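Novice: Any chance you could fold what I've pasted below:
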Amino acid sequence: MISRQRRTEKVVLAGEEMELFPQCGLLWTSESTLMLADLHLGKINHFRKSGIPVPVKANDKNLEQLVDLIELSKPTRVIFLGDLFHSHYNAEWEVFGELIKHFVGIHFDLVIGNHDIMSDIQYERKGIQVFDQLKLGPFLLTHHPEETVEENFYNLSGHIHPGVRLVGKGRQAITLPCFHFGKDQGYLPAFGMFTGTARVHPKKDDRIFAIVDETIVAV
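Specialist: You can find the predicted model right below:
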């Protein structure tokens, strides 16, 4: 069996070096700040309550990948770009709380998304600070992409779950989650399982980085 080693990719955005991880995270290296979007924790339990037979172990897979990403990137701050928790409070929120309690010294923030519908007290209980949007250095962090980006800022967001369609020989095609960076906006892939992808249509000078197994590939 071939063993694949995880491989990251570095990219410069607004003059700042970022490191892309195949676990769908982006690390702002100079600030030790990890960004990720659309975890949709709680979605699996939400599906199961609706009678959709989603395996319970998918919950563990999401959290294992989060732990893996934090341990690899070693951030001092983690910023979730919206849709951290998919539904109203359920037991998975407490499991997530125990996970972040393990990472003493890391500050956790949430830029609120349309699925983040729990009461503020739940975030306070877990020590998560909540924002409508965040301006950090040259970056404007939001959940929904901005229709018009404020001058001198680069907008990083989630929400759209970007995916790129690759076509091989014999016309075989596959759509893979990706990072999509345009002139003044960048879109992070969805972290959570069962979130799906929306095919992107990049402009000429856009940069696309697909996630293939455990590797970042420039397209």
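Novice: From the chain's centroid, how far away is the helix ranked longest in the chain?
Specialist: In the chain, assigned by DSSP state H, the helix with the most residues is helix 57-73. Offset of helix 57-73 from its chain centre (Cα atoms, centre = their mean, to the nearest Å): 12 Å.
Novice: Report the backbone C-alpha coordinates of whatever helix or strand comes next after that helix in PDB.
Specialist: Going down the chain from helix 57-73, the next helix or strand is strand 77-80, by DSSP states H and E. Below are the C-alpha coordinates for strand 77-80, written out as PDB (Å, rounded to 0.1, in the frame of the first residue of the first chain):
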ATOM      1  CA  ARG A  77      -5.700  31.800  17.100                       C
ATOM      2  CA  VAL A  78      -8.400  29.900  15.200                       C
ATOM      3  CA  ILE A  79     -11.100  31.800  13.300                       C
ATOM      4  CA  PHE A  80     -14.100  30.000  12.000                       C
END
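Novice: Tell me what M35 is bridged to.
Specialist: Under the criterion DSSP bridges, M35 forms beta bridges with L26, I79.
Novice: how many other residues sit next to it?
Specialist: 26 (other Cβ atoms under 10 Å). Any C-beta I mention is one placed from the backbone N, CA and C, and that applies to glycine too.
Novice: Show the contacting residues for it.
Specialist: 25-28, 78-81, 141, 156, 188 (Cβ atoms under 8 Å, 6 or more residues apart in numbering).
Novice: which one among these gets closest to E19?
Specialist: L27 (4.4 Å; Cβ to Cβ).
Novice: got a list of contacts for the longest strand anywhere in the chain?
Specialist: Longest strand of the chain, by residue count under DSSP state E: strand 173-181. Applying Cβ under 8 Å, 6+ apart, the external contacts of strand 173-181 come out as 11, 13, 20, 24, 26, 161-168, 186-190, 197, 199-200, 202, 206-212, 216, 219.
Novice: Neighbouring strands - and their directions - for that strand?
Specialist: By DSSP bridges, strand 173-181 pairs with strand 162-167 (antiparallel), strand 185-187 (antiparallel), strand 207-212 (antiparallel).
Novice: Now that strand - C-alpha only, CSV.
Specialist: These are the backbone C-alpha positions of strand 173-181, laid out as CSV (Å, rounded to 0.1, in the frame of the first residue of the first chain):
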residue,chain,number,x,y,z
ALA,A,173,-14.6,14.1,-14.6
ILE,A,174,-14.5,14.7,-10.9
THR,A,175,-15.4,17.8,-8.8
LEU,A,176,-13.0,18.4,-5.9
PRO,A,177,-13.1,20.9,-3.0
CYS,A,178,-10.8,23.8,-3.6
PHE,A,179,-9.4,27.1,-2.4
HIS,A,180,-10.3,29.9,-4.9
PHE,A,181,-8.4,33.2,-4.8
